[in-house]
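S.K.: fold the following, please.
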Amino acid sequence: MKRAVIFDLDGVVVNSFAVMREAFTIAYAEVVGAGPAPFGEYEKHLGRYFPDIMQIMGLPAAMEEPFVRESNRLAAQVAIFDGIPELLHTLRQRGYRLAIATGKSGVRARSLLEVLGLLPLFDYVVGGDEAPRAKPAPDMMLLALSLLDIRADEAYVVGDAITDIASAHAAGIEAVAATWADIDEQVLLAARPDLVLRHPAELLAHCPPVVAQLNRVS
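M.R.: Just a heads-up that it's a prediction; the model follows:
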């Protein structure tokens with residue numbers, strides 16, 4: 001029986017890639033200097049906490065400040081994926097508890113969701129700085145489960161990156177691959193998600209009303 005869904009944010013709920021690219025390019029120019037910003041390499045590590053990505057890429061930690069500044073400035077330009085508001089409202093109506101587990105800091109994630117009018121639809125938002133270890137470790141998912149007061153087998157994790165799939169599996173949660181963003185689908189499928197979705201609405205076929213599930217069990 002499922003009673004909750006934990007979503008990644010970027011690439012699943014919102015399409016923030018254009019804003020992310022602009023913020024990254026500005027931060028790179030400010031801190032590193034002239035030359036092309038290696039955004040393509042950055043994209044390979046999406047889902048991780050930004051400081052962790054900087055360390056992996058060998059880039060200065062000082063890039064975080066201008067990156068966050070520009071991301072906040074451009075927040076209103078972030079798009080919500082088609083079908084996501086309808087999905088979230090329907091899941092709430094069916095009795096599901098909802099959470100976000102994102103590589104963004106908790107403050108940034110909640111701020112963005114508030115700007116986009118989605119924050120009230122989520123019970124909790126867990127940022128990459130709010131658990132002992134960020135994705136692909138299980139800590140963020142385990143924290144979300146604790147906050148939602150549910151077991152691992154009562155939830156789905158929906159993500160668009162291998163870090164999401166790995167984090168979900170490490171926490172004992174079924175992982176759902178979201179492929180509606182512009183991603184390398186083969187790389188994501190190689191992580192062996194439990195479900196693969198092409199459109200947000202497809203999740204509803206796997207999420208019957210909680211009351212109906214309870215009645216079936218009893």
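
S.K.: show me where the chain has strands.
M.R.: Taking DSSP state E as the criterion, the chain carries its strands at 4-7, 14-15, 79-80, 97-101, 124-126, 155-159, 174-178, 195-197.

S.K.: let's have the ones you listed in TSV, adding distance to G117.
M.R.: Glycine gets a C-beta too; all of them are placed from N, C-alpha and C. Formatted as TSV, these follow (distance: least, C-beta to C-beta, whole Å):
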stretch	distance to G117
strand 4-7	16
strand 14-15	12
strand 79-80	9
strand 97-101	14
strand 124-126	14
strand 155-159	20
strand 174-178	21
strand 195-197	23
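
S.K.: now those as CSV including mean pLDDT, distance to P138 and mean neighbour count?
M.R.: Formatted as CSV, the strands of the chain follow (pLDDT from 0 to 100; distance: least, C-beta to C-beta, whole Å; neighbours: other C-beta atoms under 10 Å):
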stretch, mean pLDDT, distance to P138, mean neighbour count
strand 4-7, 98, 12, 27
strand 14-15, 96, 24, 21
strand 79-80, 96, 28, 14
strand 97-101, 98, 10, 25
strand 124-126, 98, 12, 23
strand 155-159, 98, 10, 26
strand 174-178, 97, 12, 24
strand 195-197, 96, 19, 16
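
S.K.: which one, of the ones you listed, ends up nearest to Q213?
M.R.: Relative to Q213, the nearest member of the strands of the chain by C-beta to C-beta is strand 4-7, separated by 12.2 Å.
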